[in-house]
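Q: Following is a predicted model, sequence given first.
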Amino acid sequence: MENMLTQTAARPLTNDNPLTATNQPVIQLRDIEKVYQTKTIETVALNRVNLTINKGEFVSIMGPSGCGKSTLLSIIGLLDEPTSGVIELDGRPVQSYSDKELAYLRNQKIGFVFQSYHLINDLSVLDNVELPLLYRSGVGGKERRERAYAALDKVGLSARTNHFPSQLSGGQRQRVAIARALAGRPEIILADEPTGNLDSVMGEEIMDLLLSLNQQEGTTIVMVTHDEQQAHKTQRLIRFFDGSQVS
Ligand SMILES: Nc1ncnc2c1ncn2[C@@H]1O[C@H](COP(=O)(O)OP(=O)(O)OP(=O)(O)O)[C@@H](O)[C@H]1O
């Protein structure tokens, strides 16, 4: 593997670049409830969840199928709204942000990585990584390309920029998806079972990459996983059951 993040030199330690978790809350959930109502059934997906995640933390979330993990990530990532409760980002309730500020948070502060990669098969690796930057004001063509190359270099895929997703292994595809998130320079990465489709060797590689991002760049990571071993590599393991945090 060429030039993985794990092999790059750590950046100097500054307030913006902590090498370990800080005591500064970046995400706070207060009494979050999410109720899905269909014609026939009401499902309480999240039941009064209270959670604080500090800047620079790597937190994993585990729990049985249907206990609300993906709902929690969607709400933290501002893709979905809670039925009640307050979310604070950087100490400020999300409700107090303007639409413009919310769009900024969604697009720039937070990066998403999904189990099924969500790559576009007709686009090259480089174009996949550049794509979200097209929707960013203030990022011109030259900078887009530079950021995409840099992100692909970080995940060890600089030799694959002209490949298409179908020409890559599952682990490589997930690395492209991580590079796509990194090109946006997010402070927070929300990863929903990022190794769920991978065999154990490739899963380890992706996990090492996420650990390096957290340790070397200070990126806050919240990861849903079914893998106990991987969860134990993170700084904190939160268990959910039936919409509530149990430990
Ligand atoms: N759009 C929706 N409409 C109705 N019910 C929903 C909706 N999305 C999720 N649910 C329900 O909310 C509960 C929590 O779902 P969620 O996807 O958050 O669970 P999960 O822990 O991520 O599960 P898995 O591990 O299987 O992915 C489940 O009972 C699910 O059926």
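A: The structure has been received and is ready for your questions. Numbers count the residues shown, from 1 in each chain.
Q: Nearest spatial neighbour of G171, chain-adjacent residues omitted?
A: Nearest residue to G171 in three dimensions, chain neighbours excluded: M202, at 3.2 Å (CB to CB, 6 or more residues apart in numbering). C-beta coordinates here come from the backbone N, C-alpha and C atoms, glycine included.
Q: Tally up the residues packed near that neighbour, please.
A: Number of residues near M202 (other CB atoms under 10 Å) recorded here: 18.
Q: same question, the one 3 residues further on
A: Around E205 there are 22 other residues, counting by other CB under 10 Å.
Q: That one belongs to a helix, doesn't it?
A: Yes. According to DSSP: H, G, I helix; E, B strand; the rest coil, E205 belongs to a helix.
Q: any idea what sits nearest it, other than its immediate chain neighbours?
A: G171 (5.4 Å).
Q: ok, residues contacting the lowest-mean-pLDDT helix or strand in the chain?
A: None of the helices or strands of the chain scores lower by mean pLDDT, DSSP states H and E than helix 99-104, at a mean of 87. Helix 99-104 has contacts (CB atoms under 8 Å, 6 or more residues apart in numbering) with L78, V94.
Q: Can you give the distance of that helix from its chain's centre?
A: Helix 99-104 sits 18 Å away from the centroid of its parent chain (CA atoms, centre = their mean, to the nearest Å).
Q: Dump the C-alpha coordinates for that helix into CSV.
A: Output in CSV follows, covering the C-alpha atoms of helix 99-104 (Å, rounded to 0.1, in the frame of the first residue of the first chain):
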residue,chain,number,x,y,z
ASP,A,99,-30.2,27.8,7.2
LYS,A,100,-27.0,29.0,5.7
GLU,A,101,-25.0,28.0,8.8
LEU,A,102,-26.7,24.6,8.9
ALA,A,103,-25.8,24.0,5.2
TYR,A,104,-22.2,24.9,6.1
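Q: returning to what we had before: now do the contacts for the residue nearest to E205.
A: Going by CB under 8 Å, 6+ apart, G171 touches L198, V201, M202, G203, E205, I206.
Q: which of those residues lies closest to D227?
A: Nearest to D227, judged by CB to CB, of those is G203 at 6.9 Å.
Q: Close to the ligand: what parts of this structure are there?
A: Y36, T38, T43, A45, G63, S65, G66, C67, G68, K69, S70, T71 (CB under 6 Å from any ligand atom).
Q: need the contacts of G171 in CSV with pLDDT, can you?
A: Output for the contacts of G171, formatted as CSV (pLDDT from 0 to 100):
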residue, pLDDT
L198, 87
V201, 90
M202, 86
G203, 90
E205, 89
I206, 90
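Q: now, which of those sits nearest L78?
A: For the contacts of G171, the nearest to L78 is I206 (24.4 Å; CB to CB).
Q: how about the helices in this structure?
A: For the chain, the helices defined by DSSP state H cover 69-76, 99-104, 125-134, 141-154, 170-183, 200-217, 228-233.
Q: Now do the buried residues in the fourth one.
A: Spelled out, it's helix 141-154. Within helix 141-154, the residues scored as buried using 16 or more other CB atoms under 10 Å are R144, R147, A148, Y149, A151, L152, D153, K154.
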